[in-house]
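Asker: Predicted model and sequence follow; I will ask about them next.
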Amino acid sequence: MMNRFPLFSLEGQVAVVTGGGRGIGRAIAEAMAAHGATVVLCGRTSQTLDSAVDAIRQADGRATALQMDVTEEADVLRVRDRVLAELGRIDILVNNAGIDPHYAAMEKTSTEAWNQIIEVNLTGVFNCCRLLGESMIAQRAGTIINVSSIAGHIGLKRQVPYCASKGGVEQLTKSLAYDWADHGIRVNAIAYGFVGTDLTAEMASHPHIGPRLISRIPLGRFGTTDEVAGAAIFLASPAASYVTGHSLLVDGGWTAT
Ligand SMILES: NC(=O)c1ccc[n+]([C@@H]2O[C@H](COP(=O)([O-])OP(=O)(O)OC[C@H]3O[C@@H](n4cnc5c(N)ncnc54)[C@H](OP(=O)(O)O)[C@@H]3O)[C@@H](O)[C@H]2O)c1
């Protein structure tokens, strides 16, 4: 039977994935390449980016690596110019780069810690949307996926800056979806729960914190990077052509309880 619904194909699309060298970003980049996109993986560390690109190419996907710190406007502009010169367009932007280095009570949270997290997790998303999104405005099409967290929906203990940064990403997503709908650009977020990556490794292996977190998750385990990447395929694909300003919770049921 002929498929009238090639809903999840990203064939012919150019996708930029920040933080694409490891963790969730790498899985999203691999999944997008497997669905036909040409993927540009960005991050600070060339070694991890190169190894992710190798894996995609070995699986017959199209990928390239470009170094970029999302907090540096000059880096973002350099990436934009390279991608436009070499690939001609940016159809999909996945703002995945993020950090969560400090667990401390509010009274022990330094201004430096606050600034560091806000700068990467929120200002980094602002930089990439604004500077890479310009090319989407020019082509009157595009889709942006901001990687958020349940921390953007609920409070987590000892994580005020991280929760504030992800709450900001949630609101940036809604407001930008409204702003750029006129330009044919969709903007959505994915709010992940706990996924097994470098970011969560310490918590997961902690003798008390790991089991306590798992006991809060209705599905009874952390997610894997491969299984959570599909949400980004959905939001980037024609299957989500009428979805914008949405935050898709992929959290094993955490926020349902
Ligand atoms: N894992 C979870 O349970 C979970 C849950 C909810 C939300 N999230 C969100 O998912 C995203 C990915 O997290 P993850 O768990 O995959 O973390 P991860 O394994 O620690 O990877 C973080 C990625 O972000 C990149 N990055 C960090 N700072 C950057 C900067 N200034 N410029 C460019 N790239 C930067 C890192 O690359 P370099 O080190 O090479 O720069 C790395 O590729 C984050 O936004 C995180 O907040 C994760």
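Answerer: Looks like it arrived, so ask away. Keep in mind that what you see is a predicted model, and the values were worked out from it rather than measured.

Asker: Just give me how far the helix or strand residue 191 falls within sits from the chain centre.
Answerer: Assigned by DSSP states H and E, residue 191 belongs to strand 185-192. Put simply, strand 185-192 sits 9 Å off its chain's centre (CA atoms, centre = their mean, to the nearest Å).

Asker: Which helix or strand lies directly C-terminal to it?
Answerer: The helix or strand immediately downstream of strand 185-192 is helix 198-205, counting by DSSP H and E.

Asker: which helices and strands does the longest helix along the chain pack with?
Answerer: Using DSSP state H, we find that the single longest helix of the chain is helix 160-180. Applying 3 or more CB pairs under 8 Å, 6 or more residues apart in numbering; DSSP states H and E, we find helix 160-180 packed against helix 111-118, helix 124-139, strand 142-149, strand 185-192. Using the backbone N, CA and C atoms, a C-beta is placed for each residue, glycine as well.

Asker: Out of the ones you listed, the one nearest residue 70 is which?
Answerer: helix 124-139 (3.2 Å; CB to CB).

Asker: which element is residue 215 on?
Answerer: helix 209-216.

Asker: is that helix up against the ligand anywhere?
Answerer: No. Using CB under 6 Å from any ligand atom, helix 209-216 stays clear of the ligand, with a minimum separation of 9.7 Å.

Asker: Now do the buried residues in that helix.
Answerer: 210, 213 (16 or more other CB atoms under 10 Å).

Asker: cool, stretch 147-154 as well?
Answerer: When burial is assessed from 16+ other CB under 10 Å, stretch 147-154 yields the following buried residues: 147-153.

Asker: does whichever strand or helix holds residue 79 come close to the ligand?
Answerer: Assessed by DSSP H and E, residue 79 sits inside helix 73-87. No. Judged by CB under 6 Å from any ligand atom, helix 73-87 and the ligand are separated, with a smallest distance of 7.9 Å.

Asker: so what's the most centrally placed residue in the chain up against?
Answerer: Nearest to the mean C-alpha position of the chain, counting by CA atoms, centre = their mean, stands residue 96 at 2.5 Å. Contacts here follow CB atoms under 8 Å, 6 or more residues apart in numbering; on that basis residue 96 touches 17-20, 24-25, 28, 147.

Asker: which one of these is nearest residue 49?
Answerer: Residue 49 has its nearest neighbour among these in residue 20, at 6.6 Å by CB to CB.

Asker: was I right about the closest one contacting residue 29?
Answerer: Yes. With contact defined as CB atoms under 8 Å, residue 20 reaches residue 29; the gap is 4.3 Å.

Asker: Need the overlap of contacts for the two.
Answerer: Shared contacts of residue 20 and residue 29 (CB under 8 Å, 6+ apart): 39, 41, 52, 94.

Asker: Pairing partners for the last one in the sheet, please.
Answerer: So the one you mean is residue 94. residue 17, residue 145 (DSSP bridges).

Asker: could you say what helices and strands the helix holding residue 215 packs with?
Answerer: Using 3+ CB pairs under 8 Å, 6+ apart, the elements in contact with helix 209-216 are helix 198-205.

Asker: residue in the stretch 51-200 of the chain nearest to the ligand?
Answerer: Proximity of the stretch 51-200 of the chain to the ligand (CB to the nearest ligand atom) peaks at residue 98, 2.2 Å away.
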